Every structure is written in C-alpha cells, then in structure tokens.
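Student: take a look and give me a structure for this.
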Amino acid sequence: MRLDVQMARRAARLAAVQALYQMEMSSATTEEVIAEFRAGKLPRETEASLTELKGDGELFKNLVENAVARQATIDRAIARRLKNWRLERIDAVARAILRAGAVELEQRQDIPTAVVLDEYVEIAHSFFYGPEPGFINATLEACAADLRPVA
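Tutor: As a prediction, this is how the structure comes out:
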C-alpha cells in the first residue's frame, strides 16, 4: 500500500477517535463532526504530520457513522472482553479508541486485523504513556474474535 494512502487512513482513524470523543463530551452530532472533518478541523493541530495530509474521508465517515448506528452492538462486543471493568468506567478517550477500532474490525474486513490493531495501539500511544496502549491492544484483539469471521 502506498505511504500516502496509509497516512490518509491514519489521519482518518485519529480524527474518528477525536470525533467520537467530541460527540460524547459535547453531544455533537454525526453530521457536525463530519462537516468539521471535511473543513479540515480534525485531527487536532498538534498532529502536524497528519493534518498536512487529507484524511480518508470515506473511512472517517464509515467509522463515525457506524460507531453511532451500531453503538449498542459494538459496546456489547467490547464489554464482553473487559475483565473486571465496565465500559462506562473506562477513560473517555480509551472508550473512543476502542469503539473506533471495534467498528473498523467489524465493518472493514478488507483491512487485516493486525493492521487495525497496530493502528489503534499507535493512536493510544498518542494519548497515553502508561499501560493503556496494551489494554487497547488486548481488548481489540479479543473483540476481533467476535467481530471477524474465522477465515
């Protein structure tokens, strides 16, 4: 895959995580965050290497719309894999990362599981310096068993 395609997808994933977080914190609508993405307002300005690229708008839209439309199903898939945790008690950023990752696992069968896991662990490293990236990896890897059919 070309580097520009990878970077556009990475920008879309980061923006989707930020949009899901924004929607949860401010009650922004799907339409509002999609408009912000199209206007170039996501991802955050501190991600200069990503903001210089145009994100994959279709991937972003797919992740955000399906995270909202399928939230109950996605949340159940995540919650089943949480040991001694309740989804609503997890940090809101981690919850947004898990939801975006789970949606991509479910909806984008064309993207290998290992790629999806790696991308969301990298996003987790952008926000967390402790054990959270490992937690994100383990949870999404477990969710993949439920969200992806065995080949």
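Student: separation between the residue nearest to Asp75 when sequence neighbours are not counted and Tyr129?
Tutor: Closest residue in space to Asp75, ignoring its immediate chain neighbours: Leu87 at 5.7 Å, by C-beta to C-beta, 6 or more residues apart in numbering. Where C-beta positions appear, they are placed from N, C-alpha and C, glycine not excepted. The gap separating Leu87 from Tyr129 is 22 Å, by C-beta to C-beta, to the nearest Å.
Student: can you pull the contacts of the residue lying closest to Arg80 once chain neighbours are set aside?
Tutor: Nearest non-adjacent residue to Arg80, counting by C-beta to C-beta, 6+ apart: Asp146, 6.8 Å away. Counting by C-beta atoms under 8 Å, 6 or more residues apart in numbering, Asp146 makes contact with Ala77, Arg80, Arg81.
Student: phi, psi for the first one please.
Tutor: Summarising the backbone geometry of Ala77 under the convention degrees, to the nearest 10, its torsions are phi -60, psi -40.
Student: other SSEs contacting the helix or strand that Tyr120 is a member of?
Tutor: Per DSSP states H and E: Tyr120 is located in helix 113-127. Judged by 3 or more C-beta pairs under 8 Å, 6 or more residues apart in numbering; DSSP states H and E, the packing partners of helix 113-127 are helix 3-26, helix 92-107, helix 132-147.
Student: dead centre of this protein: give me the residue that sits there.
Tutor: Nearest to the mean C-alpha position of the chain, counting by C-alpha atoms, centre = their mean, stands Ala100 at 2.6 Å.
Student: I figured that residue hits Tyr120, correct?
Tutor: Yes. With contact defined as C-beta atoms under 8 Å, Ala100 and Tyr120 form a contacting pair (6.9 Å).
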